[in-house]
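A.B. asks: give me coordinates for this.
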Amino acid sequence: MSCSMNDTQAFNEMMVHVPMCTHKEPENILVIGEASPEIKKELEKHKGNIEFGDKALLNSKDEKNIDVIILTDIEIDELLLANIDRVLKDDGLITFKTQSFHNDENRLKNDLKLVGTKFWIAMPFRFGHSTAILASKKYHPTADIVLQRSDIIDDLEYYSTEMHLASFVFPAAIHKALTTIARR
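C.D. replies: From the prediction side, this is the model:
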């Protein structure tokens with residue numbers, strides 16, 4: 001393993017392993033958007049029925065049948081969120097990329113507010129040069145991390161249990177600015 005960290009690999013590992021190690025028993029997983037071979041390789045490290053597609057895939061799913069949805073390169077909006085809410089189980093969760101606090105504070109806040117209308121938990125997390133949001137109906141990404149899963153994933157460059165936990169920690173000023181918006 002080289003010492004240089006590939007930001008793309010950080011994205012692949014964190015977008016997959018953070019939600020997959022937060023949900024207690026993810027069985028039905030949807031990946032909406034571009035699914036690189038590297039994303040697929042990371043998903044193969046987990047059990048479950050994994051499907052790939054675009055936003056239209058949500059329309060073919062039964063209500064309350066999906067555990068985890070990973071949006072790789074899709075911006076979330078009210079219509080997409082309504083479709084996600086329809087198919088997601090009562091303990092389901094989603095992960096999607098957003099903007100960093102420094103690049104577009106309003107976009108981050110608006111994304112958090114939007115998913116906060118449907119999810120009990122909506123928390124940003126940072127890795128490499130990316131910021132994402134994990135929104136969950138039941139499981140907390142740091143309190144409910146499944147250590148029996150996160151500690152044993154092989155062949156990783158970036159993700160670890162410690163990185164999972166640390167990615168949800170923000171500097172004091174950003175934490176304070178998001179306190180009333182992020183749902184922890």
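
A.B. asks: just the pLDDT at the nearest residue to Phe101 once chain neighbours are set aside, thanks.
C.D. replies: Closest residue to Phe101 apart from its sequence neighbours, by CB to CB, 6 or more residues apart in numbering: Ile174 at 4.9 Å. Just so you know, the C-beta spots here come from the backbone N, C-alpha and C atoms, and that holds for glycine as well. Here the pLDDT value assigned to Ile174 is 95.

A.B. asks: my guess is Thr98 meets Ala132, correct?
C.D. replies: Yes: counting by CB atoms under 8 Å, Ala132 is a contact partner of Thr98 at 6.3 Å.

A.B. asks: with just CA atoms, put the lengthiest helix in the chain into PDB.
C.D. replies: Longest helix in the chain, counting residues (DSSP state H): helix 7-22. As requested, the backbone C-alpha atoms of helix 7-22 are provided in PDB (Å, rounded to 0.1, in the frame of the first residue of the first chain):
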ATOM      1  CA  ASP A   7      -9.500  11.000  -2.700                       C
ATOM      2  CA  THR A   8     -11.600   8.800  -5.000                       C
ATOM      3  CA  GLN A   9     -10.900   5.700  -2.900                       C
ATOM      4  CA  ALA A  10     -11.800   7.600   0.200                       C
ATOM      5  CA  PHE A  11     -15.100   8.500  -1.400                       C
ATOM      6  CA  ASN A  12     -15.800   4.900  -2.500                       C
ATOM      7  CA  GLU A  13     -15.000   3.400   0.900                       C
ATOM      8  CA  MET A  14     -16.800   6.000   3.100                       C
ATOM      9  CA  MET A  15     -19.900   6.200   0.900                       C
ATOM     10  CA  VAL A  16     -20.300   2.500   1.200                       C
ATOM     11  CA  HIS A  17     -18.900   1.500   4.600                       C
ATOM     12  CA  VAL A  18     -20.400   4.300   6.800                       C
ATOM     13  CA  PRO A  19     -24.000   3.400   6.000                       C
ATOM     14  CA  MET A  20     -23.400  -0.300   5.800                       C
ATOM     15  CA  CYS A  21     -21.700  -0.300   9.200                       C
ATOM     16  CA  THR A  22     -24.400   2.000  10.700                       C
END
